[in-house]
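[1] here is my input, please return the structure:
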Amino acid sequence: YLPGRGVVTQEEMAGRCAPASPVVPIVFYRSMLLAADTAPVDTLCAALGEHGIAAVPIFVSSLKEISVARFVEDAYAAFPVSALVATTAFSAGADDIGRTLFDRIGVPVFQAVMATTRRAAWEGGDRGLTPADLAMHVVLPELDGRILAGAISFKAEDDTAGAGGFRRQVNRPEPDRVEQVAARIAALIALKNMPVEDRRITILIPDYPSAPGRSGYAVGLDVSGSVLAIMQDMRESGYHVDGIPETSKALMDRLEAAAPALPAGRYAAAFRRLPDGARRRIEAAWGAAGRAGPFAFRAAHFGNITVALAPDRGRSEDRRADYHDPALPPRHELVAFGLWMREHLGCHAIVHVGAHGTLEWLPGKTVALSENCFPEIVTGALPVVYPFIVSNPGEAAQAKRRIAALTLSHLPPPLAAAGTDDAHTALERLV
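    Residues are numbered from 1 along each chain as shown. Coordinates of the predicted model:
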């Protein structure tokens, strides 16, 4: 399918793709083409084109049909595909050995939701999507390993009335959501195509409110030890990593004190670019942006790898209560931290080590975020890789659905007898 033309041959589509452009197929339902309801596909193609990406829309009846899956695989083989966008609902299904169509293709697959939810309900509610949309377009596609890029359209009345004044329901693209999805895809492709030694990665260590002295704590994971191991592996893979600490304590000592990072004036200028609704909420809770800063963050740099502890999202004296508050917007410090990662460091991706952080729990819609939702305001369109304990899929889902995280499951630590020291052993014998 070619926007403005309709059905075209594979050869004609290939001839329209610039040789140097990354190619991204967009898989959508044939019923949309038959109903002349392809505006979301057209808009996404245009948005990807603005990022220098050649979109190749492919219409299908169902990804569960063997012939359709074979057709998509053949189309993939005909183009130098960098990623794939699926707008189809449900799971694609697996073959006899458990592989899906997307496993066989072997490129990142983004899920772009064309919701049946009415636009007014999405805009005015905190849920984001109806239960039916959540099941069909989010939960089941997660079984394929798709990365939830966001919603790109919602149901609305057609502007043109038909016979008898009837106005049908159509898929109305949401322009800023389409652009956000395109930006996510472009960011991952840029990371993929970049020389390894040039990639700048921020490794975030959780700072969950708990007992004093337990910064860097995560459920079932030695965070600081894991970070050291990750940096060693990255260096061996060609990343520019310098001065890796010898011990976990040495790493955490480097993160003990905050260092100046972002001037107040630079933050104030960036704050003015935020959506009006988000600005008003932040200033109502935490005061004017002009009085915030300068900002210092707990971070250490190891070549192109930065290891950091994100600032508290709320009041330091009420850390535990504020951490999961569904209404309290983040402080200026956390918003500034996101700006610092994206624009000052020029970070290309985030690796969040351990369950769990604060970014995926910031206020906003449960799923299908808007521009005023704070997980997106802080992380932007950065790719997020998130090692997460395998026994907690419920909280991992929040990261997948609210910051588009690619979660990597890790096992809980093996159990071992703690034993006792000599003094306690003697006491036990006496008792």
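[2] show me the shaky parts of the stretch 101-250 of the chain.
    Applying pLDDT under 70 to the stretch 101-250 of the chain flags the ranges 161-165, 209-214.
[3] show me where it has strands.
    Residue ranges of the strands in the stretch 101-250 of the chain, as given by DSSP state E, counting those that start in this stretch, are 109-118, 147-157, 169-173, 201-205.
[4] can I get those in a markdown table with mean neighbour count?
    Where C-beta positions appear, they are placed from N, C-alpha and C, glycine not excepted. A markdown table is the format used below for the strands of the stretch 101-250 of the chain (neighbours: other C-beta atoms under 10 Å):
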| stretch | mean neighbour count |
| --- | --- |
| strand 109-118 | 24 |
| strand 147-157 | 23 |
| strand 169-173 | 19 |
| strand 201-205 | 24 |
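[5] in the chain, what residue sits furthest out from the centroid?
    Distance from the centre of the chain peaks at Leu430, with 57.1 Å (C-alpha atoms, centre = their mean).
[6] give me the buried positions along stretch 268-278.
    Across stretch 268-278, burial judged by 16 or more other C-beta atoms under 10 Å covers 268, 270-271, 274, 278.
[7] in helices, which of those appear?
    268, 270-271, 278 (DSSP state H).
[8] wait, which of those is closest to Cys347?
    If you rank those by distance to Cys347 using C-beta to C-beta, Ala270 comes first, at 14.9 Å.
[9] now for the closest one: which residues touch it?
    By C-beta atoms under 8 Å, 6 or more residues apart in numbering, the contact set of Ala270 is 339, 343.
[10] look up how far Gly338 lies from it.
    Computed with C-beta to C-beta, to the nearest Å, the distance linking Ala270 and Gly338 is 10 Å.
[11] stretch 37-51: how far from the chain's middle?
    Here stretch 37-51 is found 20 Å from its chain centre; the criterion is C-alpha atoms, centre = their mean, to the nearest Å.
[12] one step back: looking at the ones in helices among the buried residues of stretch 268-278, which is nearest Val41?
    Of all these, Ala278 has the smallest distance to Val41: 29.1 Å, by C-beta to C-beta.
[13] these two touch, right, that closest one and Ile377?
    Yes: with contact defined as C-beta atoms under 8 Å, Ala278 counts as touching Ile377 (5.6 Å).
[14] what sits in contact with each of those two?
    Glu371.
[15] hmm, back to that, go through the buried residues of stretch 268-278 and name the one nearest Asn193.
    Distance ranking of those against Asn193, using C-beta to C-beta, places Ala270 first at 27.2 Å.
[16] mind checking pLDDT for that closest one?
    On pLDDT, Ala270 comes in at 95.
[17] so how far is Arg279 from it?
    Ala270 is 11 Å from Arg279, by C-beta to C-beta.
[18] phi, psi for the residue farthest from the centre of the chain please.
    As for Leu430, its main-chain torsions (degrees, to the nearest 10) stand at phi -70, psi -40.
[19] what would the buried residues of stretch 268-278 look like in TSV with distance to Thr160?
    Shown next, in TSV, are the buried residues of stretch 268-278 (distance: C-beta to C-beta, whole Å):
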residue	distance to Thr160
Ala268	45
Ala270	41
Phe271	41
Leu274	35
Ala278	34
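[20] now do the contacts for Ala218.
    206, 208, 353-356, 389 are the contacts of Ala218 under C-beta under 8 Å, 6+ apart.
[21] kindly recompute the last result at 10 Å.
    By C-beta atoms under 10 Å, 6 or more residues apart in numbering, Ala218 lies in contact with 205-208, 224, 226, 352-357, 387-389, 410.
[22] excluding chain neighbours, what is closest to it?
    Gly354 (2.5 Å; C-beta to C-beta, 6 or more residues apart in numbering).
[23] can you point me to the longest helix in the chain?
    Per DSSP H, the chain has its longest helix at helix 175-193.
[24] check the offset of that one from the chain's centre.
    Per C-alpha atoms, centre = their mean, the displacement of helix 175-193 from the mean C-alpha position of its chain is 11 Å.
[25] buried residues, that helix. List them.
    Buried residues in helix 175-193, counted by 16+ other C-beta under 10 Å: 177-190.
[26] tell me how far Val378 lies from Leu274.
    11 Å.
[27] sorry, slip of the keys, the one I care about is Phe110.
    Taken as C-beta to C-beta, the span from Phe110 to Leu274 is 25 Å.
[28] and what of Ser215?
    In this view, Ser215 and Leu274 are 29 Å apart by C-beta to C-beta.
[29] before we move on, what about Ala69?
    Taking C-beta to C-beta, one finds Ala69 at 43 Å from Leu274.
[30] ok so, going back, common neighbours of Val378 and Leu274, please.
    Common neighbours of Val378 and Leu274 (criterion: C-beta under 10 Å, 6+ apart): 335, 339.
[31] in contact with Ala115, which residues?
    40, 121-122, 128-130, 132-134, 136-138, 151-155, 171, 174, 367-368.
[32] same thing but at 7 Å, please
    Contacts for Ala115 were tallied using C-beta atoms under 7 Å, 6 or more residues apart in numbering; they are 122, 129, 133, 137, 151, 153-154, 368.
[33] can you put the strands of the stretch 101-250 of the chain in TSV and add distance to Asp242?
    Shown next, in TSV, are the strands of the stretch 101-250 of the chain (distance: least, C-beta to C-beta, whole Å):
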stretch	distance to Asp242
strand 109-118	33
strand 147-157	31
strand 169-173	45
strand 201-205	13
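[34] okay, and the beta partners of the closest residue to Pro383 other than its chain neighbours?
    Excluding its sequence neighbours, the residue lying closest to Pro383 (C-beta to C-beta, 6+ apart) is Ala349, at 4.4 Å. The partner list for Ala349 in beta bridges (DSSP bridges) reads Ile201.
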